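Participant: I would like to see how this sequence folds:
(one chain, ligands or ions: 1)
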Amino acid sequence: MARIVLGVAGGIAAYKACELLRLMTKAGHDVTVVPTESALNFVGRTTWEALSGHPVKTQVFEGADEVAHVRLGQQADLVVIAPATADLIARAATGRADDLLTNVLLTAHCPVMLAPAMHTEMWLHAATQANVATLRERGVIVVDPDDGRLTGPDSGPGRLPEAADLFPNVASLLESETVAAAATRRDLAGRHVVVSAGGTREHLDPVRYLGNSSSGLMGLSIARAAALRGARVTVVAAHIEHPVPAGATVRPVVSTADLAEAMTELAPEADVIVMAVAAADFTPRTASAGKIKKESADAGLQLDLVQTTDVLKTLSHRRPREQTIVGFAAETATGDELLRLGQEKLARKGCDLLVINDVSGGGVFGQADNAITIVSPDAVIGSWTGSKGALAHRILDAAGAVGSAG
Ligand code: CTP
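Facilitator: Residues are numbered from 1 along each chain as shown. Next up is the predicted model:
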């Protein structure tokens with residue numbers, strides 16, 4: 001259980017913070033909500049008190065005997081502000097201390113994450129962008145807003161991501177100091193990371209398909225870690241069962257042929273490509289346009305399958321010198337045999353790094369933890385066990401090392 005301060009600034013998206021608070025308390029965290037005075041115009045004090053189980057203050061002089069303006073910040077494991085308005089961001093960047101929330105920011109020793117929400121003009125304004133850059137330089141994690149419908153008829157970047165998309169960032173930042181430190185480094189700022197995640201489906205007819213058990217968690221953890229480290233992230237998503245990180249662009253695909261098309265299109269603009277998707281190696285020679293009827297297959301159904309394009313191999317052979325490509329190897333072997341198969345696969349695919357995991361027993365799919373070994377063409381970079389969130393940072397560290405050496 002962690003102590004979280006949830007700051008809420010005065011924007012219409014304040015209502016989404018109720019759901020974020022609910023997800024935090026459901027996960028067992030102790031959350032103190034610190035709204036700004038103007039946030040109470042959108043969601044009232046009673047709601048925050050009822051949902052958090054704590055009294056709610058907005059000003060330094062309320063309950064001054066508790067010295068909340070110092071204590072809350074000092075004792076927090078994480079401060080999250082959602083929504084963070086243009087005004088709150090400006091006050092944070094200039095170090096103002098004119099209400100309880102800005103005092104908390106000045107006394108917090110823990111990671112601080114801001115999720116901005118405002119109209120597009122306000123977000124793109126040079127003043128806001130300069131304030132965001134200042135905060136990021138100081139190690140504050142500022143999540144990019146979503147692009148979409150805003151209050152009223154207009155749309156553009158400025159939407160607060162949904163609570164379900166923000167909450168995994170909270171979980172990830174609380175997971176370990178290594179993860180939080182990596183997130184504040186912003187070493188991937190200015191880089192475009194394209195991650196394929198999930199599992200492709202090859203349709204036999206409109207209702208039946210050949211698929212696999214990948215939930216997409218590993219790929220999405222990498223996408224989230226890259227976004228927290230400042231990268232522009234595109235997720236090529238094949239039937240994922242987990243939320244896409246806030247701020248990432250999503251390109252849905254169904255089959256390996258769709259995957260090949262999407263990756264070929266995105267690759268020229270990518271600095272790092274991570275192929276975490278479980279892509280089908282075989283597809284029906286012809287898919288039936290109508291549902292295959294049982295009566296037409298009395299003697300059983302013979303499937304005629306052909307190999308799909310090896311997307312990783314194709315991308316690796318075409319890649320520009322400065323691009324780093326990471327492949328995955330799902331193997332049902334262990335120990336030295338696992339390593340041997342992995343290194344053979346790396347050579348065959350021609351990528352820069354291969355993340356090898358043992359999938360015997362199907363234990364990896366959908367699970368929070370994993371055990372990986374990362375190999376390069378000439379070395380074993382290392383083996384790690386841990387949550388997919390923590391391992392994601394190891395993989396990005398290894399990819400970063402290749403990129404800076406290249
Ligand atoms: N991959 C791909 N295109 C395919 C199949 C796989 O790009 N048609 C990618 C996966 O995303 C992964 C890597 O290749 O990054 C290895 O996938 P894996 O299934 O382990 O290897 P295969 O090449 O399919 O070899 P095999 O199944 O024979 O072990």
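Participant: so where's the longest helix in the chain?
Facilitator: helix 388-405 (DSSP state H).
Participant: list the buried residues of that helix.
Facilitator: 388-400, 402-403 (16 or more other Cβ atoms under 10 Å). C-beta: built from backbone N, CA, C; applies to glycine.
Participant: only alpha carbons, please: show that helix as PDB.
Facilitator: Presented in PDB, the C-alpha positions along helix 388-405 are these (Å, rounded to 0.1, in the frame of the first residue of the first chain):
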ATOM      1  CA  LYS A 388       6.600  -7.000 -17.200                       C
ATOM      2  CA  GLY A 389       6.500  -3.300 -16.200                       C
ATOM      3  CA  ALA A 390      10.100  -3.500 -14.700                       C
ATOM      4  CA  LEU A 391      11.400  -5.800 -17.500                       C
ATOM      5  CA  ALA A 392      10.100  -3.300 -20.100                       C
ATOM      6  CA  HIS A 393      12.700  -0.800 -18.800                       C
ATOM      7  CA  ARG A 394      15.500  -3.400 -19.100                       C
ATOM      8  CA  ILE A 395      14.500  -3.900 -22.700                       C
ATOM      9  CA  LEU A 396      14.500  -0.200 -23.400                       C
ATOM     10  CA  ASP A 397      17.800   0.200 -21.600                       C
ATOM     11  CA  ALA A 398      19.300  -2.500 -23.900                       C
ATOM     12  CA  ALA A 399      17.700  -0.900 -27.000                       C
ATOM     13  CA  GLY A 400      19.000   2.600 -25.900                       C
ATOM     14  CA  ALA A 401      22.500   1.200 -25.600                       C
ATOM     15  CA  VAL A 402      22.400  -0.200 -29.100                       C
ATOM     16  CA  GLY A 403      21.000   3.100 -30.400                       C
ATOM     17  CA  SER A 404      23.700   5.200 -28.800                       C
ATOM     18  CA  ALA A 405      26.500   2.800 -30.000                       C
END
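Participant: counting contacts, what elements does that helix pack onto?
Facilitator: Judged by 3 or more Cβ pairs under 8 Å, 6 or more residues apart in numbering; DSSP states H and E, helix 388-405 is in contact with helix 163-175, helix 177-185, helix 217-228, strand 272-275, strand 324-331, strand 353-358, strand 369-376, strand 379-387.
Participant: quick one: strands adjacent to the helix or strand just after the fourth one?
Facilitator: Put plainly, it is strand 272-275. Toward the C-terminus, strand 272-275 is succeeded by strand 282-284 as the next helix or strand (DSSP states H and E). The pairing partners recorded for strand 282-284 under DSSP bridges are strand 305-307 (antiparallel).
Participant: pLDDT (mean, whole number) over the strand it pairs with?
Facilitator: Summarised as a single mean, pLDDT over strand 305-307 is 98.
Participant: just the element for the closest residue to the ligand within the stretch 51-200 of the chain, please.
Facilitator: Taking Cβ to the nearest ligand atom as the measure, the stretch 51-200 of the chain has Ser196 as its residue closest to the ligand, at 6.3 Å. Counting by DSSP H and E, the element that carries Ser196 is strand 192-198.
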